[in-house]
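Chemist: Give the three-dimensional model of this entry:
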Amino acid sequence: MTRWLTEAVPRGRVAAFRTVIYLFVAADLVIFTPWVRTRVSVPGDLYRPLLIGRLLPLPTPTETLVTVIFWSLLALALLAATGRAPRLLGWAVCALYLEWMIIAMSYGKVDHDRFGLLIALAVLPTAGRARHGDTTRTEAGGWALRVTQIAVICTYFLAAFAKLRFGGLDWLTGSVLARAIIRRGTDLADLIAQVPYLLIVAQFGIVAFELLSPVVFFLPPRWRHAMAGFFYSFHVVTIATITISFAPHLAAMTSFLPLERVRPLVWARRLIGRGSPASTSTDVDTLPDQDPVGASANTAPLGDQAPVVGRPAGP
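Modeler: I've put the predicted structure just below:
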């Protein structure tokens, strides 16, 4: 079990995952949850902190407190995305974002799509330093990714448990999706709703998918990536039909992906290099220590005659 939890992964994957998570935190502040800043206009009597907010205890949000958290978290998240001071910046971002979420969810509504993201923020500082493109493996980074993966799958599995606990079997055969489509459905959802019994079948399928989600841990890597792709496709359909995004959950779910292969800066340099007149077919990122075949300080120009590999240059 310990070996599975600490399965080593490339440091480049940890670095890429760290960048994705911290950039998402910055985006979350300005795109998905800017409404948290409006909580200061709500009477303090309506503030009912979550259990963790009562245990610490945390103060009732004020305009000054929320403003300081917003700007501090935005700046620190952008700095943390660079990979510098991973522990110091990581713990600071984790603490500030946790407080941001406690403020957001202490007025009567708690979203379950942020569990995986919060766990990722809690474990990333323990992964240590990691550079993009580094192929050396790290068990500390592997543990951070594995714990995040477990949190992502728990989000699915426990969601099914909650459906059956509070809704019972009626959740499967009731009008849950029909009500969601009436409230916030799209034109695509309206077309689907016209097919007899399709929404009932979809409700059975959702619960089955969530209950079977832990299977992903027993699949070989290629199939594991395919199943992660299925997870994303499920959320694409959800967005397209009832406009629920689960964006924080999707960010945490990148822990299943081989992110070390995604290197946009390297791709951009290669693209610019191809468009430059001085560019050559040799990729300096791929072959950093190799010289062109036959090139040396003592080799004379050969005109149109190319040297043959394994033979000395010359006529």
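Chemist: I'd assumed Cys94 was in contact with Ala122.
Modeler: Yes: between Ala122 and Cys94 a contact is recorded at 5.5 Å, counting by C-beta atoms under 8 Å. To be clear about C-beta, it is placed using only N, CA and C from the backbone, and glycine gets the same treatment.
Chemist: So which residues of the chain form strands?
Modeler: Ranges of strands within the chain are 9-10, 137-138, based on DSSP state E.
Chemist: Let me know which of those strands is the nearest to Leu76.
Modeler: strand 137-138 (23.5 Å; C-beta to C-beta).
Chemist: Okay, now the sheet partners of that closest one, with direction.
Modeler: strand 9-10 (antiparallel) (DSSP bridges).
Chemist: got the contact list for the strand it pairs with?
Modeler: Asp134, Thr135, Thr136, Arg137, Thr138, Gly141, Gly142, Leu145, Glu260 (C-beta atoms under 8 Å, 6 or more residues apart in numbering).
Chemist: Also stretch 150-170?
Modeler: 112-113, 115-116, 118-120, 171, 174, 176, 206-207, 209-211, 213-214, 216-217, 249, 252-253, 255-256.
Chemist: Pull out the buried residues from that stretch.
Modeler: Ile150, Ala151, Val152, Ile153, Cys154, Thr155, Tyr156, Ala159, Ala160, Lys163 (16 or more other C-beta atoms under 10 Å).
Chemist: what's the answer for stretch 43-63, then?
Modeler: So for stretch 43-63, counting by 16+ other C-beta under 10 Å, buried means Tyr47, Pro49, Gly53, Leu58, Thr60, Pro61.
Chemist: With distance to His235 and pLDDT as added columns, please give these in TSV.
Modeler: What follows is those, written out as TSV (distance: C-beta to C-beta, whole Å; pLDDT from 0 to 100):
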residue	distance to His235	pLDDT
Tyr47	31	88
Pro49	30	88
Gly53	29	86
Leu58	32	88
Thr60	35	89
Pro61	31	91
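Chemist: what's the closest of those to Gly128?
Modeler: Proximity of these to Gly128 (C-beta to C-beta) peaks at Leu58, which lies at 29.6 Å.
Chemist: quick revisit: what's the PyMOL line that selects buried ones from the contacts of stretch 150-170?
Modeler: To isolate the buried ones among the contacts of stretch 150-170 in PyMOL, judged by 16+ other C-beta under 10 Å, type:
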select buried, resi 113+115+116+118+119+120+171+176+206+207+210+211+213+216+249+252+253+255+256
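Chemist: if we can go back for a sec, ranking the strands of the chain by mean neighbour count, which comes first?
Modeler: Stretch with highest mean neighbour count among those: strand 9-10 (a mean of 23; mean count of other C-beta atoms under 10 Å).
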